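Asks: this is a predicted model, with the sequence first.
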Amino acid sequence: MQPNNLSSKEINPLGSLDEWEEDLLERYPDPEKIATAKSTEAYRNYEEPARDTVKEFYRLNHTYQTYDFVMQKREQYLAFDKKEMAIWDAFEFLNELVDDSDPDTDLDQFQHLLQTSEAIRRDGHPDWMVLVGLMHDMGKVLCLFGEPQWAVVGDTFPVGCAYSDKIIYSEFFSANPDFTNPAYNTKFGIYEPNCGLRNVHMSWGHDEYIYQMMKDHLPEPALYMLRYHSFYAWHREGAYEHLLDDHDREMLKWVKLFNPYDLYSKCPVQPDWKELKSYYTELIEKYLPKTLKF
Ligand SMILES: [Fe+2]
Ligand SMILES: [Fe+2]
């Protein structure tokens with residue numbers, strides 16, 4: 001169901017997209033530790049006014065991300081008929097997403113991508129993983145195509161089956177029409193047991209969009225990192241075991257390897273782009289086509 005006549009507060013409940021990621025850091029402050037039910041509970045009880053916008057963001061996300069909504073967005077965006085850009089132009093386009101709320105402390109989108117990729121490179125990981133760092137949030141351009149924030153960022157989760165209570169603010173799913181739809185509200189819903197995540201539709205957002213853009217160009221672990229980097233209920237909370245197959249279990253270690261670079265690489269010192277440009281130009285040429293279709 002596509003919600004009609006959304007107010008501007010329902011389109012952009014967050015002051016900026018970064019508020020969601022800053023909130024993730026409060027939920028997962030420790031890179032090593034996998035969250036426990038207890039720490040999630042402690043987080044949920046941690047109420048303060050600054051988090052109201054994030055809570056409202058999740059209320060909208062959990063209310064409107066239905067199975068039908070996801071199908072509609074897939075049809076709309078996976079045709080890739082919106083725009084065609086050279087990669088460097090695409091980064092400039094992404095950077096039109098400026099953050100009005102806090103211009104002093106927040107880095108632009110490209111800086112976050114570059115800091116993520118540089119941290120991966122420093123640790124000596126394969127070059128395709130460096131490229132994952134550079135590209136992983138490119139899907140946020142969905143905002144520039146007019147999508148509401150809750151259809152671009154936020155934790156992702158399977159649609160078409162029961163929502164896990166490991167998903168943050170899962171209580172808000174009670175307002176989602178799928179919650180009372182018997183086709184979608186059982187443990188397996190429309191899926192077969194252990195069917196594998198490739199057969200499961202995730203809530204719509206920047207992860208699936210960039211995965212679809214990159215799927216012919218990068219190795220399988222890279223594609224898992226892109227496609228599931230916001231699926232915290234899986235990679236941090238261990239939910240949805242009943243939908244996984246052995247391939248997913250094998251790939252999980254790559255998704256977990258990537259996550260700390262996304263969350264913990266933010267740093268006020270910006271990489272010197274002039275020194276880095278030739279490395280990244282070559283890296284992009286090695287794996288990606290001259291232009292990207294959006
Ligand atoms: Fe992301
Ligand atoms: Fe990111």
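Replies: That came through, no problem. Ligands and ions are numbered 1, 2, ... in the order given.
Asks: the residue of the stretch 1-150 of the chain found nearest ligand 2: how many residues sit nearby?
Replies: The nearest approach of the stretch 1-150 of the chain to ligand 2 comes at Asp137, 4.4 Å away (CB to the ion). (Glycine included, C-beta is placed from N, CA and C.) Asp137 has 26 neighbours, counted by other CB atoms under 10 Å.
Asks: confirm that Asn85 sits in a strand.
Replies: One thing to correct before we go on: residue 85 is Met, not Asn. Yes - judged by DSSP: H, G, I helix; E, B strand; the rest coil, Met85 forms part of a strand.
Asks: burial measure for it, as a count.
Replies: Summarising burial for Met85: neighbours were counted as other CB under 10 Å, giving 16.
Asks: tell me the bridge partners for it.
Replies: Leu292 (DSSP bridges).
Asks: that one and Leu94 touch, don't they?
Replies: No - at 9.8 Å, Met85 does not count as touching Leu94 under the criterion of CB atoms under 8 Å.
Asks: flag every residue of the protein that's near ligand 2.
Replies: Selection of the chain residues close to ligand 2 by CB under 5 Å from the ion yields Asp137, Asp262.
Asks: where does the chain dip in pLDDT?
Replies: Scanning the chain for pLDDT under 70 picks out the ranges 1-2, 32-50, 99-106.
Asks: so what touches the longest helix along it?
Replies: Using DSSP state H, we find that the single longest helix of the chain is helix 246-264. The contact list for helix 246-264 (CB atoms under 8 Å, 6 or more residues apart in numbering) reads 21, 24-25, 28, 31, 116, 119-120, 125, 129, 132-133, 136, 196-198, 220-222, 224-225, 228-229, 231, 234-236.
Asks: ditto for stretch 169-189
Replies: Residues from elsewhere that reach stretch 169-189, judged by CB under 8 Å, 6+ apart: 1, 44, 55, 58-59, 61-67, 159-164, 167, 190, 242-243.
Asks: which of these count as buried?
Replies: Buried members of the contacts of stretch 169-189, counted by 16 or more other CB atoms under 10 Å: 58-59, 61-67, 159-161, 163-164, 167, 190, 243.
Asks: neighbours of Pro260, how many?
Replies: Neighbours of Pro260 under the rule other CB under 10 Å: 16.
Asks: thinking again about what came up before, next structured bit after the longest helix of the chain?
Replies: Under the assignment DSSP states H and E, the closest C-terminal helix or strand after helix 246-264 is helix 273-287.
Asks: dump that following helix to PDB, restricted to CA.
Replies: Taking Å, rounded to 0.1, in the frame of the first residue of the first chain, the C-alpha atoms of helix 273-287 are listed here in PDB:
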ATOM      1  CA  TRP A 273      41.000  13.500  -1.800                       C
ATOM      2  CA  LYS A 274      43.800  14.800  -4.200                       C
ATOM      3  CA  GLU A 275      46.100  12.000  -3.000                       C
ATOM      4  CA  LEU A 276      43.500   9.300  -3.300                       C
ATOM      5  CA  LYS A 277      41.800  10.100  -6.600                       C
ATOM      6  CA  SER A 278      44.100   8.100  -8.800                       C
ATOM      7  CA  TYR A 279      43.700   5.000  -6.600                       C
ATOM      8  CA  TYR A 280      39.900   5.200  -6.700                       C
ATOM      9  CA  THR A 281      39.700   6.000 -10.400                       C
ATOM     10  CA  GLU A 282      41.600   2.800 -11.100                       C
ATOM     11  CA  LEU A 283      39.600   0.700  -8.600                       C
ATOM     12  CA  ILE A 284      36.300   1.900 -10.200                       C
ATOM     13  CA  GLU A 285      37.600   1.200 -13.700                       C
ATOM     14  CA  LYS A 286      38.600  -2.300 -12.600                       C
ATOM     15  CA  TYR A 287      35.100  -3.400 -11.500                       C
END
